[in-house]
Each structure stands twice: as structure tokens, then as C-alpha cells.
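>>> Task: produce atomic coordinates for the following.
(chains A and B)
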Amino acid sequence: MDRRGFLIGACSLAASPLVTPVAFAGAPGDNRLVVIVLRGAMDGLATVMPYGDPTYSALRGALPEGALDLDGYFALHPALGGLAPLWQAGQLGFGHAVSTPYRDKRSHFDGQDWLEAGITDMANGMARDGWLNRALPVLGGGADTAWAIGNDALAILNGPAPVGRWSPDSDLALSPQAIRLAQLVMQDDPAMAAALAEAFDLADGDGDPVAFTGSQGDMMEMMRADNKAARGTGAEERMAEFAAARLKGDARIASFSINGWDTHAQQDRALSRALDALARTILTLQDKLGAQVWAKTTVVAVTEFGRTVRLNGTNGTDHGTGGAMIVAGGAVRGGRVLADWPGLDEVALYERRDLMPTRDLRAHLGWLMRGLFGLERAAIEQTIFPGLDLGADPGWLA
Amino acid sequence: MRFDPVLAERRFGCGLSPKIAPPGSAEAMLDGLQTPDPIADRFPIEGFETFLGRMRARADLAKQRRDNRGTELAEAARQGIRDLNRIARKDHWHWMAAHIARRVWTQTPFRERLAFFWADHFTATGKRGLIRRGTSPYMEDMRPHLAGRFEDLLYEAVTHPVMVHYLDQEGSVGPNSKQAQRRQGAGLNENLAREVLELHTLGAGGPYTQADVRELAELLTGLTINLNVGRTFRKPLAEPGRETVLGKSYGGDNPSLNDIRAVLRDLARHPATARHIAGKLAVHFVSDTPSEALVGAVEAAWLDTDGDLTAVYRALLTHPDAWGREGANIKQPFDFVSSACRALAVDGPMITELREGAHLLRFSDPMRQMGHIWQKPNGPDGLDEADGAWITPQGIAARLQWAVTVPSLLVRVLPDPRDFVETALGPDAPEAVRFAASAAESRADGVGLVLASPAFQRM
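Next up is the predicted model:
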């Protein structure tokens, strides 16, 4: 079978009810949301530096070379310098002194659970589904509406509503003969056959074709490279590219993770690396989405908690509470750092060590959901983030 | 349907092997659970008692570091901690390899499957520090209880330091305890109590209320971790007085682990627990939609014996509906990878003596692509039982890619795919798979297609 014939085969499979749930409850509209989970706890104070706070320089020293002054009070870490044009265009903003309601234990694991479950407290135990998944039935759409990208579990999209899942690093490379035979052996198992057909389709559409004429050794090398890539650098851009490709089609929501924020030691180096990956990711999204879709897109990057206000003994920071979030996109009213700034005086800190959170991170997310998808306030406060008080609109969207 | 050795090995064992004959009867499978455990000696995994020694060493170094800030001693301690972390990380991969090798060479494969079923039922893992590597030692501690009484297994798991840590019991303090009076901010944490009722025993729809959760949480106060002895009970943390769980009163003036054992025993024998776990066993081993007759038979055996697990397994293995061919489960990624190794009869050292990078390439990274991150569960409810969670484009692609690439790294000479069809699938291999095996361009493709076939991936 040639490539065309194969794709036709895949299409007819995709039309079968086993593959594509046909229920389209409503229309999710035309706006796009990308949620990036920054795993490991980003240091908000080093990312968006409150140098105007009289205590800041005593805590963290002088601003690093290349820092970008944002508004006379906050300055941007130099590793995010690539985003300066977005800031100037009003397409980049930050929320500061934000956090989920998670407190005190400062465990990544728990903190990420809270962030992804979107819960207010543990009165009903840890939710088993993610808030983005709970949003899907409310905003309508099909199995192609939301994509969990990468090898992460992405609990934020776990739950009963169907979502697409794919990692651009799980590339397939098979001899043309093996492709045909794989289809043959799967044919009596509709569920597996459908998954394989979609896998061929996705893997074929993400840059390099599935059909592969190299040797076994070449194939092994490719798998080694893919595995390494999935853990190494550049994975974020590939995920962003893949997200952009889906969002240009039927998808409205995409989520993936960027790791490497747990900067306990020699924070300069590690944080620069992670911020650089974040900047490249956002710029890749902008580039690949194209002006038209970018204009309807909001990218929000959130982390499980902030880090200690003071540096520790190894020029790093430990797990804290209040932190920062990044909001970018053509749909965003940026050029602003939104914060009810609590100050960095020791008495103003949470437990005398962490930035005091003054706004629930979920309120920002909730208002974005409301603005982008027209969701009712009640749906946000009861279903998506149960127990959340949305409060006043931070006005992220025009 | 009746007992079928090939299906028995696939569904209740670790998959067909060219070297080890499938079981002859359900009774033989159950007898195997009572025999000594030579495979555990051949591919050893450290118990948690030994693992605690690592945690003590780390705590000592951390103290040395704190007490000597800015000196060489602190620097040496920092190095020491780094070494301990690195060794533990490598060992946790060694233990994953030992789990695979056990599945390849065991003569009592049902035991390995049960070890994983219960490890998942009692999902727990470390959240920070060295204990993150303690999950296999935790599994090892459950191993003696796999075919005993459920109440003993339940006690072992629920009071185990890894569980106590995972579900935040170590910081839970009775609101009226001595500790709460001494220290501000100390209080009750309901996490473990809730999951004991919801996940470990009665089930989410079970007959308990928030009041039961709270009372059980109060009864559990005192249960905590000690680096010298592991599980321990500290009276100053315990909530004074009696607590009522499901209408029965426990505890009193002299609180101890015995009160916890008592409430867990009653929960273990509760009809809702029998129902909940009978259903889980049937779903895990047979099908996402097991027959009511099958679940009912397993439940009845539980109730008749107060949760004697061997009797429970007998009810499962001897019920005709356990042997149906319709709606068979798909293997989870670890089942898939390890059963492929068993079909290939991969030599133990080819699995257990790999360097970290080689191990990641062959096993851990591909399994992650298949959707299972080793010992990093999404939550205390563990791995998804629904086939749909695993039959995803990404999951199926990762399995296929693994099947055509990795086996050639594991065995010196790949088998002839035409023979391998029989080895891996038994005498009733589907015609399409036989054809694919003979038509493949290379041995690697042929072997891979057999392993990727639904006949191999379904159990």
C-alpha cells in the first residue's frame, strides 16, 4: 500500500464510531487556550523580579545583567528577554503573589496534584480528575477538542471527558512492509486497530514519515534519540509545534509540561535554562500558530508553588508558597504585572519565609476560562474549580 | 469455559515461556503460592527494614551538614548525601529489573501478578527524599501476605512507613492530643483514613460517612514513622478517648497499634470490602466487564472465609466465567514488556546487569511512552484498569516500536518468527499473525509483529 492508500485507510477508520465519539455537546468557540504546567516550582521572585520592593536587593542582590525593566517596579529575568517584543506589543503579562490553596507541606507531588485537580481543600479527598477535563463537557466539543501532549501523565486533563494524547517524541519508524503487516495483525481488534491507525496518522504528520527504510540499528538509534529527546532539551518546542498544529485545526485546548524548575542549588544556571525553554516554547507557539490563530490564543504557564524569598546556602531557593504566573498570547491584554503586592518585609511573608499569596491562582484561570469560552460563573465556581470565589475580573482578555 | 493451561499462563500468569511449562490446574497455581519463593532469592529486592538503614544514614549526614555549616565536614556530608541519593536511584532501577527477571523465570507466575495487583491496590510511593526509592522494598514487605488473610495484608500495607508517608499520616496529630497542646498548628490529617475506606476496603460507594472518616483518622493518630524501627506508634500524637467507626467503638485509655489492627480487621471482613475487592480482582484479571456470577462467587468466598485470599483466588480461578474469551483485558505496559521478555526467555543478567542508561532505553523510557511511569503513580488509586486508558494511539505506537526494536538488544539471536508465533501465542495463534511472522522482512520485524499482535497484547 502506498502512503496515500494508507491514509485513506486511516480516514475510513477514523470515521468509525469506535474512533471518534460523535457527540458534540456544544461548540467551544474559536478561542484557544494553552496551559503549560511548570513542574518543580518556578521561582517567581527571580522570574518577575520586584526590584522596586525596598527589601528585594537585600534578599536577592542586584538585578542580573540583561534584566528587562517592565514597569518601574518589576523586571523580567534576562532568560525571558526573547519575549520582550511580546511585552511591548501588550501580548505578555504576569500575575504575581499567586498560588493555589495548597499550603505548608510544600511537596511537589501534592502541590501539583492540587494545581491540576483545581481543588479548594481536601474535604472530599484529592479529586481524581483534572480541572481542564471537568471544563470540557461544559464548553462542549469532541475528543479532538483538548490535547494532553508529551509523556507526562498531565493529571490536569485526566477524567471522564475524552481527550487526545500524544507525544511528538513517541515517533514511529517501521519498514513499509511492517506497517502493512501491523495493520493486518490488528485488523480483528477494532479498538487496537483504530488506535494504531490514528498513531500512524499522527506520527506521519509530525515531521518525519513512519515508513522507514533504515536498518535495525538505525531504528534503534532513532528510538534512543527519541527517548533521550523526550527527557532532554528541545522536547518543549516539539510539543509546542504539535500543539500549534492541533490548535490550528479542531483543538481548542492544549496542555503540556516544562520541567526543571526545582532550583535548590546554583539557581542562576538551572533557572536560566528552564526560562529559556519557556521563552522558546511561547515563541514557537506564536510562530507556528500564525498571526490569525495567535490572535485568538491565550497561553498560561502555572507552577505548583513559589520558592523561598531568601536564597539558601547553595545559592538556590527552597520550596515556598506564593509565586508568579505567565500569561501570553494575541488575545491577552498584557503589558502588565497584576499583583496585590504583599511586600517582602519579614512580617509580610508567609510563615516568615515565603511570598504571601494574595490571589488564588485559580481565579486567574477561572476568569480566563470565562473570557475565552463564555462559561458561566457558576460552572467555574462549582464544577471546574469547586469552592473557588472568582472575585473581581483581573481583565486578562480584551 | 474451563481451565486452559495456555490461557491460564496468559491471564493469571506472566505469559508463555519456551522454558517453563504452563500450570496444569487451578489447584497447582494455588499450591504454588504456598511453596517457598526461590525466584525472590534469585533476583533479590531489598526489604524496607534494610532500606531504612539508608534513610538513617542520610539523616545522620543531614545532621552533620547542619551542625557544621561552612566547614569541610558539611561539604563531605553533602557529598555523602549525593552518593546515597545516586545509589538509591540506581538501585530502584535494579529492583525494577529484578521484577522483570522474576516474571521471566518464575515457576509460580501467579504470585508475581498478585504482587503487582496488591501493590497497585495499595498504591504508595515516597514524595520527597530517599523514600521516593522505597516502593519496591514496600512491595517486598507485602509479599509474604499475598496468599494469606486480607486483614494481615491490609495491616501491613496501611501501617507501612511508605504508606504512612504517602498519605500524610506521619504529620497527623489528634486535636486533643498532648502533641497538639504542645505545638501550635499540629492537627488531624484525614488522608489515610479516607483512602483506607474509599480505596483499600469498602470502596467509593461504601456505607461510610464523613464522620466515619474523621473518627478513623482520629483512631489512626499515633501511627507514624521512626527511622530505627519503621512503623511505630507514638502515644503523644494519639487522640485520647474512644472512636466510633461504622457504629463500632475502638481504642481507649491506652491507645496502640492494636486498636488500628482491630478496626482494620473489621473493615477487612466487611461485606462492602468483599464486594469491592471481588470486583477489582475480576476486572484486573479477567475483563473490564466481568459477569455478575463471577464477582458474586469471589465475593461469597471472601465472606465465607473472612477474607482468606487463597480461598478467594480459588473462587476466581475455578469459575467458568473467568475463562471466557470475550472482552479480554489488554496487558498493562509492565505486563506487556515482561511477558515479551518471558516469551523470549531473556537471560536474567541481560535484564538485571544493565547500566542505568541501558535500562532506561530498554524498559523504563519505553514504558513511560506506553503510559506507565514506573513507581510514580498519578494518585493513590493507582493504575487505570480500563483498557481504554492503555489502547491509545501513543500507547499502541510505543508498544509496536518497542516490539520491533528492543528484543534484539535482549537476546543474542532472535528466534525464527515462525516458531516464535507458537512460543508466544500457543497452538491457537491467529492466521493473520502467522502470516505476518512469515512475511516480515526481518527477524526483528517478525518477532515484533507477534508481540504487537492483539493475540499477545490481550490476556
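
>>> Identify the residues contacting the residue in the stretch 151-300 of chain B that chain A sits nearest to.
Using CB to the nearest CB, the closest approach of the stretch 151-300 of chain B to chain A is made by residue B:194 at 4.9 Å. Heads up, the C-betas are built off the backbone N, CA and C, glycines and all. With contact taken as CB atoms under 8 Å, 6 or more residues apart in numbering or on different chains, residue B:194 is in contact with A:125, B:213, B:217.

>>> now swap in residue B:20 and tell me
So residue B:20 contacts B:105, B:106, B:107 (CB under 8 Å, 6+ apart).

>>> hmm, try it at 10 Å
Shown in contact with residue B:20 (CB atoms under 10 Å, 6 or more residues apart in numbering or on different chains): B:9, B:13, B:14, B:104, B:105, B:106, B:107, B:109, B:342, B:345.

>>> just residue A:30 next, same as before
A:252, A:293, A:296, A:372, A:373.

>>> next one: phi and psi at it?
Torsion angles at residue A:30 (phi, psi; degrees, to the nearest 10) stand at phi -110, psi -10.

>>> Give me the pLDDT value at it.
For residue A:30, the model assigns a pLDDT of 94.

>>> ok, the host helix or strand of residue A:256: who's next to it in the sheet?
Element membership for residue A:256, per DSSP states H and E: strand A:253-259. As defined by DSSP bridges, the strand partners of strand A:253-259 come to strand A:32-39 (parallel), strand A:146-149 (parallel).

>>> Run through the neighbouring helices and strands of the next helix or strand along the chain from it.
Proceeding N to C from strand A:253-259, the next assigned helix or strand is helix A:267-294, under DSSP H and E. Using 3 or more CB pairs under 10 Å, 6 or more residues apart in numbering or on different chains; DSSP states H and E, the elements in contact with helix A:267-294 are strand A:32-39, helix A:44-47, helix A:84-88, helix A:235-247, strand A:253-259, strand A:297-303, strand A:323-328.

>>> one more time with 6 Å, if that's ok
Helix A:267-294 is packed against helix A:235-247, strand A:297-303, with contacts defined by 3 or more CB pairs under 6 Å, 6 or more residues apart in numbering or on different chains; DSSP states H and E.

>>> Reduced to three states, what does the closest residue to residue A:336 other than its chain neighbours come out as?
Once flanking residues are discounted, residue A:336 sits nearest to residue A:93: 4.9 Å by CB to CB, 6 or more residues apart in numbering or on different chains. Using DSSP: H, G, I helix; E, B strand; the rest coil, the secondary structure recorded for residue A:93 is strand.

>>> For residue A:93, name its beta-bridge partners.
residue A:327.

>>> quick one: pLDDT of it?
98.

>>> What's the mean pLDDT across stretch B:416-430?
Mean predicted lDDT for stretch B:416-430 stands at 96.

>>> In it, which residues are buried?
Within stretch B:416-430, the residues scored as buried using 16 or more other CB atoms under 10 Å in any protein chain shown are B:417, B:420, B:421, B:422, B:423, B:424, B:425, B:426, B:429, B:430.

>>> now swap in stretch A:101-114 and tell me
A:101, A:102, A:106, A:107, A:108, A:109, A:110, A:111, A:112, A:113, A:114.
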